[in-house]
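In: return a 3D structure for these sequence lines:
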Amino acid sequence: MNAPIVTELRRTLAALEDGARGVVAAVSGGPDSIALLRALLEAREPQTPLVVAHLNHRLRGADSDADEAFVTDLHAALAVPFPNLHIEIARRDIAAEAHTAGDNLEAHARAVRYRWLAEVARRHGVRWVATGHTANDQAETVLHRLLRGTGLQGLRGIAPRRELEPGVCVVRPLLPWTRAEVLAYLDALSQAYRVDASNDDRGRTRNRIRHELLPLLAQEYNPAIVSVLGRLAQQAEEAFQEEEAAALELLRAVELPRAGTMIVLERTKLAALPRQRVRQVFRALWRREGWPLDGMPFEAWERLAALVFDGLPALDLPGPIHVRWRSPVIQLQPPREAP
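Out: You can find the predicted model right below:
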């Protein structure tokens, strides 16, 4: 079936470095991931390996096990007409793991899923992990972050591709396509899929955005709201890349030699910059050092700027990162490694 989704995905695969070595497809059993799998099967060269990867989070009891069985059965059916189709299944008690670690359940599940997908990719000697995020997922993400008070970085939404770990990257080839287009593609194939009932839980902000806010915006304000938010994310990404490059250049200009593990910045040079640029320099430093960005809202970056401009003596930030003003420098002390 030479559907537009397949045609576009064929171009995407051809542009992937080392794409011929294979792709891992993250398949939950839902419509987006099943559409991804079917489109990848049609778009790839027959000799290119494709790995169906399904992680059972065991969060929904029998429904989670039914998802696993559906993906397993679908793989068995598709492996007959499509060569080089492999499968990896794993089970994790995500709720128990998150409780033990004291982590947010959703964030923990996402981190575990991507770590496992990277492991699968390494095991099969491939570089790319594909997920089924669509234009609707992008719009929901941008709105969700906007409502929480995000800045330019958050408005970038879901990255079309990013590195999971050295040598393994994730790619989202369905981002240009709406959920309606994905469902139409599956309908044309007469392809069944699983429906996650938890996606209808209106107690979750993300679900209310999906089922209430986005439809309201489309009906009452702009029927093309999904595309509008997707373009906003793309423009934010372009602006962010320019801003990031400038911030890293400024960081190099104000940074002094380290004192052990302590990072030292020249306060007088920082204070000569606009306040916005100072916040950008600190964000660039956090990203470069791999320090935790969770719990760093706008107010935290503004407190760092206040330390430069207003003489705030010291502050503690997530990590924990201890920051203090010792004229004429700013000292940032990351946590010391356990002996």
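In: after the helix or strand containing residue 66, heading C-terminal, what element do we hit next?
Out: According to DSSP states H and E, residue 66 maps onto helix 62-78. Where DSSP H and E defines the elements, the next helix or strand beyond helix 62-78 is strand 85-91.
In: what packs against the helix holding residue 66?
Out: Applying 3 or more CB pairs under 8 Å, 6 or more residues apart in numbering; DSSP states H and E, one finds that helix 62-78 contacts helix 31-43, strand 50-56, strand 85-91. C-betas here are computed from N, CA, C, even on glycine.
In: which parts of the stretch 201-339 of the chain are helices?
Out: 205-208, 214-220, 225-254, 267-271, 275-289, 298-309 (DSSP state H, counting those that start in this stretch).
In: single out the most deeply packed of those helices.
Out: helix 275-289 (a mean of 19; mean count of other CB atoms under 10 Å).
In: now it against helix 298-309, angle please.
Out: 110 degrees (axes from the mean of the first three to the mean of the last three CA atoms, to 10 degrees).
In: what does helix 275-289 contact?
Out: 153, 243-244, 246-248, 250-251, 254, 263, 270, 273, 291, 293, 296, 301-302, 304-305, 308-309, 332, 334 (CB atoms under 8 Å, 6 or more residues apart in numbering).
In: now do stretch 208-227
Out: So stretch 208-227 is contacted by 135-136, 138-140, 143-144, 147, 178, 199-200, 202, 228 (CB under 8 Å, 6+ apart).
In: swap in stretch 52-63?
Out: By CB under 8 Å, 6+ apart, stretch 52-63 touches 24-29, 37, 64-65, 67-68, 71-72, 74-75, 85-95, 105, 109, 112-113, 116-117, 120, 129, 196-198.
In: do me a favour and get the end-to-end distance for that stretch?
Out: Start-to-end span of stretch 52-63 (CA to CA, to the nearest Å) is 19 Å.
In: same question for stretch 316-331.
Out: End-to-end distance of stretch 316-331: 12 Å, with CA to CA as the criterion.
In: what does that stretch contact?
Out: Contacts for stretch 316-331 (CB under 8 Å, 6+ apart): 256, 259, 262-268, 270, 291-292, 294-296, 300, 304, 307-308, 311-315, 332-335.
In: pLDDT score for residue 1?
Out: Residue 1 carries a pLDDT value of 61.
In: scratch that, residue 297 is what I was asking about
Out: 83.
In: same check on residue 91?
Out: Residue 91 is given a pLDDT of 94.
In: swap in residue 322?
Out: The model's pLDDT for residue 322 equals 94.
In: over to residue 339?
Out: Predicted confidence (pLDDT) for residue 339: 38.
In: could you chop the protein up by domain?
Out: 4-226, 260-333 (automatic domain parsing).
In: next, format the ones you listed as CSV and append distance to residue 234.
Out: Putting those into CSV (distance: least, CB to CB, whole Å) gives the following:
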stretch, distance to residue 234
domain 4-226, 8
domain 260-333, 20
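In: picking up where we left off before, in CSV: the helices and strands packed on helix 62-78, plus mean neighbour count and distance to residue 125.
Out: CSV is the format used below for the helices and strands packed on helix 62-78 (neighbours: other CB atoms under 10 Å; distance: least, CB to CB, whole Å):
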stretch, mean neighbour count, distance to residue 125
helix 31-43, 24, 18
strand 50-56, 23, 10
strand 85-91, 16, 12
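In: for the residue most central in space within the chain, give me the backbone phi and psi.
Out: When CA atoms, centre = their mean is applied to the chain, the residue found nearest the centroid is residue 158 (5.3 Å). Main-chain torsions, residue 158, degrees, to the nearest 10: phi -90, psi 120.
In: ok, residue 37 to residue 164 distance?
Out: 19 Å (CB to CB, to the nearest Å).
In: per-residue pLDDT, residue 56?
Out: 95.
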